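Novice: Pasting a predicted model and its sequence here:
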Amino acid sequence: MVDVVLGGFYGDEGKGKIIDFLAKDADVSVRFSGGDNAGHTINVNGKKFAFHLIPSGILNKGTKAVLGNGVVINPKVLIGELENLKANDVDISNFYISEKAQIIMPYHIKMDELEEAQRENKIGTTKRGIGPAYCDKFQRSGIRAEDFVSGKFEEKIRENTKAKNILFKTYGFEELNAEEIIQEYREYSEILKPYIVDTIGLLHESIEKGEKILCEGAQATMLDIDFGSYPFVTSSNPTIGGVSTGTGIGAKYIGEVYGVIKAYASRVGEGPFVTEQKNEIGDLIRELGHEYGTTTKRPRRCGWLDLPALKYTVMINGLTGIAINHLDTIGKLDKIKLCVGYEHDGKVDMKYSNNEAFLAKVKPVYEEFEGNFGEISHIRRKEDLPEKALKYLDRIEELAGAPIKFIGVGADREDMIIV
Ligand code: IMP
């Protein structure tokens, strides 16, 4: 069976913690979408590993780590991660890159910067070239990992750089030199070639053998290009459908689908955020939860947990379980608010739609809960949590329509309740 971990809201929900736990039993861990716009840090035996691309399952001996066909790869970042793993004696012989994965090029990064600079309504992208790389994929001019193997990347770089330079020139920007890019990418291709394989075949062989596969989501549901708060989204499908299109694994193989959320909400970049607290509460949550971006270091916007939005996430992904992080963080407040519905068009209900006009007119309806949970990071059974915390969790479960299966109670990896 194939289990999946997805981001429930706007990313940065602490997926790494759940992934780490589940990856221990996995024979294969796979990334299926996005690129180095994602990021999480893992501490193992006092060593710190920052991952943007490689599935963190690589840290478990014998676990195969796969970058699926849905991923866009910055080769420089990937090589940096591989070198760091090697330097720390992590075995990388089990690492595989899909031959169909797209390669991020210098012109993608430049386009990302320029397009963002031109926009009146900024998206707040991570400027890693993600959007432009996916554009080229769909325009069918993208360079795939297989082009490193065949050597065709050189000719494609020449052709693409020529086309991009016409644009750069039109806008009065500095042009790029194709030969310089080729030289740089020739080196990358030599290093990465041995890892490039048919991952579809590899994954299905694993399925046939009865091996356990874990699909590691990056980004999150509200950042989905189709189902998120467009245009303030990323350029891929970090939702459940992205698992199939980004790996070649059909729906019938998929077992558990976990959505990771926090006991409050946060967002980086622009876009609607109904329960945002642009006040001292938001500032307090940011400080208590250390809500600053891993990839961009930007301070995150913070607010209350939004249950109409959570119900939408449950529905879109068909979640079989919810993982809720930072229960300890929210438990440090005196009073906690939970958005239990939206007031709109003269009524209050749980309707959610990622439609800008709808989200602009709704008013969040809150219920208030007692905070001050006390020290809970040592607790490992749900029933041992204080009554106040259980009340909060029960209400979330009741309205979200999916069971809570993991509860993060502290900053350490082990600070987790498995329900
Ligand atoms: P892009 O993915 O760099 O194009 O950025 C598009 C939007 O998605 C921006 O608002 C980013 O801040 C957001 N985003 C992209 N990746 C992540 C992530 O891993 N966590 C949280 N937000 C992200």
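Specialist: That came in fine, so what should we check first? Numbers count the residues shown, from 1 in each chain.
Novice: wait, is residue 6 part of a strand?
Specialist: Yes: according to DSSP: H, G, I helix; E, B strand; the rest coil, residue 6 belongs to a strand.
Novice: Specify the beta-bridge partners of it.
Specialist: Judged by DSSP bridges, the bridge partners of residue 6 are residue 259.
Novice: thinking it is in contact with residue 246, fair?
Specialist: No: with contact defined as Cβ atoms under 8 Å, residue 6 does not reach residue 246; the gap is 12.0 Å. Where C-beta positions appear, they are placed from N, C-alpha and C, glycine not excepted.
Novice: residues of stretch 210-219 that come out buried?
Specialist: For stretch 210-219, the neighbour count (16 or more other Cβ atoms under 10 Å) marks 211-219 as buried.
Novice: Kindly indicate which of those residues lies nearest the ligand.
Specialist: residue 219 (4.6 Å; Cβ to the nearest ligand atom).
Novice: The closest one is in contact with residue 32, isn't it?
Specialist: No: the pair residue 219 / residue 32 is not scored as a contact, 11.0 Å apart, by Cβ under 8 Å.
Novice: neighbouring strands for the lowest-mean-pLDDT helix or strand in the chain, and are they parallel or not?
Specialist: Of all helical and strand segments in the chain, the minimum by mean pLDDT, DSSP states H and E falls on strand 40-44, at a mean of 77. Within its sheet, strand 40-44 is paired with strand 47-51 (antiparallel), according to DSSP bridges.
Novice: Could you report the neighbour count for residue 269?
Specialist: Per other Cβ atoms under 10 Å, the neighbour tally for residue 269 reads 20.
Novice: how about it, what does it touch?
Specialist: Residues in contact with residue 269 (Cβ atoms under 8 Å, 6 or more residues apart in numbering) are 123-125, 232, 298.
Novice: Quickly find the element holding it.
Specialist: Using DSSP states H and E, residue 269 maps to neither a helix nor a strand.
Novice: How about residue 155?
Specialist: Here residue 155 is assigned to helix 153-170, by DSSP H and E.
Novice: Can you tell me which helices and strands that helix packs against?
Specialist: helix 106-118, helix 178-192 (3 or more Cβ pairs under 8 Å, 6 or more residues apart in numbering; DSSP states H and E).
Novice: Can you point out the buried residues in it?
Specialist: Those would be 153-154, 156-157, 160-161, 164-165, 168, for helix 153-170 by 16+ other Cβ under 10 Å.
Novice: Can you tell me which of those is closest to the ligand?
Specialist: Closest to the ligand, out of all of these and judged by Cβ to the nearest ligand atom, is residue 164, at 17.7 Å.
Novice: for stretch 262-277, what is the average pLDDT?
Specialist: Averaging pLDDT along stretch 262-277 gives 94.
Novice: Find the closest residue to the ligand in the stretch 201-350 of the chain.
Specialist: residue 269 (2.3 Å).
Novice: starting at the chain centroid, how far to the helix or strand hosting residue 389?
Specialist: Element membership of residue 389, judged by DSSP H and E, is helix 387-400. Distance of helix 387-400 from its chain centroid, counting by Cα atoms, centre = their mean, to the nearest Å, is 25 Å.
Novice: returning to that earlier point: quickly check: the least confident helix or strand of the chain near the ligand or not.
Specialist: No: with Cβ under 6 Å from any ligand atom as the criterion, the ligand is not reached by strand 40-44; the gap is at least 8.5 Å.
Novice: related to what we said a few turns ago, tell me which helix or strand comes right after the helix holding residue 389.
Specialist: Following helix 387-400 toward the C-terminus (DSSP H and E): strand 404-408.
Novice: Direction included, what does that next one pair against?
Specialist: Here, using DSSP bridges, strand 404-408 pairs with strand 321-325 (parallel), strand 416-418 (antiparallel).
Novice: May I see the buried residues of the first one?
Specialist: Read it as strand 321-325. Buried, per 16+ other Cβ under 10 Å, within strand 321-325: 321-325.
Novice: any chance of the residues you listed in TSV, plus distance to residue 61 and pLDDT?
Specialist: Formatted as TSV, those follow (distance: Cβ to Cβ, whole Å; pLDDT from 0 to 100):
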residue	distance to residue 61	pLDDT
321	27	98
322	30	98
323	25	98
324	30	98
325	26	96
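Novice: All set now, cheers.
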